[in-house]
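> How does the following fold in three dimensions:
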Amino acid sequence: MSRFGDATSVERIAADRFRIDLDAGFGFAQALNGGYLMAVLGRAAVEASAHAHPVSTAASFLRVAKAGPAEILVERRKSGRTTETARATLLQDDEPVVDALITTATLDPAAEPVWVGAPPEPALPPVGSCLSLDEPPKSTSPRKGAGTGVHPRDVGDRGFADRVDMLFDPSTMGWLDGRPSGRLEGRAWFRLRCGYQPDAYALALAVDALPPVALNVDAKGWSPTVELTWHLRAVPAPGWLAVLGSGRLSAGGWFDEEVEIWDSAGRLVAQARQLARTGRA
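As a prediction, this is how the structure comes out:
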């Protein structure tokens, strides 16, 4: 199994309880990525369900999750022919860390949309025109927020950044040089470095993979997610995922972030919206 597959695999220890060893590689410093935690919760909910896909997840992030042993409690709320709904709670040291309401269903991979709107504008540039943060700096001047200009590959294991391959729209990354665009926005191509192909769990990771869109307005540093809801709209095709982020309002230390994900076949496969605190570090 791939690194991501192993990192999200859950072991059933009771009818409604699962065990997992949370992987430090899917975090930043001491905090684990929220999308990774939603992928873990989604796996447990599907394992406890008669259905194959987590089609709706509404997660509240209560505490910072740390790498290491954890348990997931899955409490069924509704069971039906087409959907099931359960409350899935991630526990560490017997304390709830993430609480999610997850609805499962079984999607038809061959289903065609009856109607679909156009992707958000502006469009994400082609892969070859996007910015990789693995590239060495083009000058000796350090970028704001990027350390001292040392090649990223020379600083050891970077956790999340070494588990995902992301190529960013340069027009949304001006905050790196102290030139933010002034709009709540972020756009990037996404895939997992381990070769794991897109599925519902990879999408759970991808909807929370962008740098906070508020970095282009007024945020600095880590912006903790308070609540995130995401929907699986279709079973994704293999290949790159286009992750398109935007927002409507940053005010009073809070901002929203909306994400759409389109797969390599040009289909809308996931939608998300989160409320987060504005980072000030």
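> Mind listing residues that contact stretch 37-44?
By Cβ atoms under 8 Å, 6 or more residues apart in numbering, the list of residues contacting stretch 37-44 from outside reads 8-10, 18, 20, 22, 54, 57, 59, 61, 65, 72, 74, 88, 90, 97-98, 100, 102, 200-202, 204-205, 207-208, 228, 230. Where you see a C-beta, it was placed from the backbone N, CA and C, and this is true even at glycine.
> Going through those, which ones are buried?
Taking 16 or more other Cβ atoms under 10 Å as the criterion, what is buried in these is 8, 10, 18, 20, 22, 54, 57, 59, 61, 65, 72, 74, 88, 90, 97-98, 100, 102, 200-202, 204-205, 207-208, 228, 230.
> The helix or strand containing residue 99 packs against which elements?
Element membership for residue 99, per DSSP states H and E: strand 95-105. With contacts taken as 3 or more Cβ pairs under 8 Å, 6 or more residues apart in numbering; DSSP states H and E, strand 95-105 sits against helix 34-47, strand 53-61, strand 84-92.
> Switch those over to TSV; also include distance to residue 277 and mean pLDDT.
Formatted as TSV, the helices and strands packed on strand 95-105 follow (distance: least, Cβ to Cβ, whole Å; pLDDT from 0 to 100):
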stretch	distance to residue 277	mean pLDDT
helix 34-47	13	98
strand 53-61	10	98
strand 84-92	20	98
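> Of these, which is nearest residue 265?
Among the helices and strands packed on strand 95-105, the nearest to residue 265 by Cβ to Cβ is strand 53-61 (17.3 Å).
> How is this structure divided into domains?
3-105, 130-277 (automatic domain parsing).
> Now tabulate these in JSON lines and tack on distance to residue 111.
Shown next, in JSON lines, are these (distance: least, Cβ to Cβ, whole Å):
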{"stretch": "domain 3-105", "distance to residue 111": "12"}
{"stretch": "domain 130-277", "distance to residue 111": "7"}
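> Just grab the bridge partners of residue 74 for me.
For residue 74, the beta-bridge partners are residue 88 (DSSP bridges).
> cool, and residue 79?
Partner residues in beta bridges with residue 79, using DSSP bridges, are residue 84.
> ok, it to residue 53 distance?
Remark: distance between residue 79 and residue 53 (Cβ to Cβ, to the nearest Å) = 16 Å.
> which of the two has more neighbours?
Each of residue 79 and residue 53 has its neighbours counted (other Cβ atoms under 10 Å); residue 53 has more, 21 against 13.
> What are the contacting residues of stretch 112-122?
The set of residues external to stretch 112-122 that reach it, using Cβ under 8 Å, 6+ apart, is 171, 234, 242, 244, 246, 260, 262, 267-268.
> May I see the buried residues of that stretch?
Of the residues in stretch 112-122, residue 120 count as buried by neighbour count, 16+ other Cβ under 10 Å.
> what's the span of it from first residue to last?
Stretch 112-122 has an end-to-end distance of 25 Å (criterion: Cα to Cα, to the nearest Å).
> Where among the domains of the chain is average confidence lowest?
Per-stretch mean pLDDT for the domains of the chain is lowest at domain 130-277 (a mean of 88).
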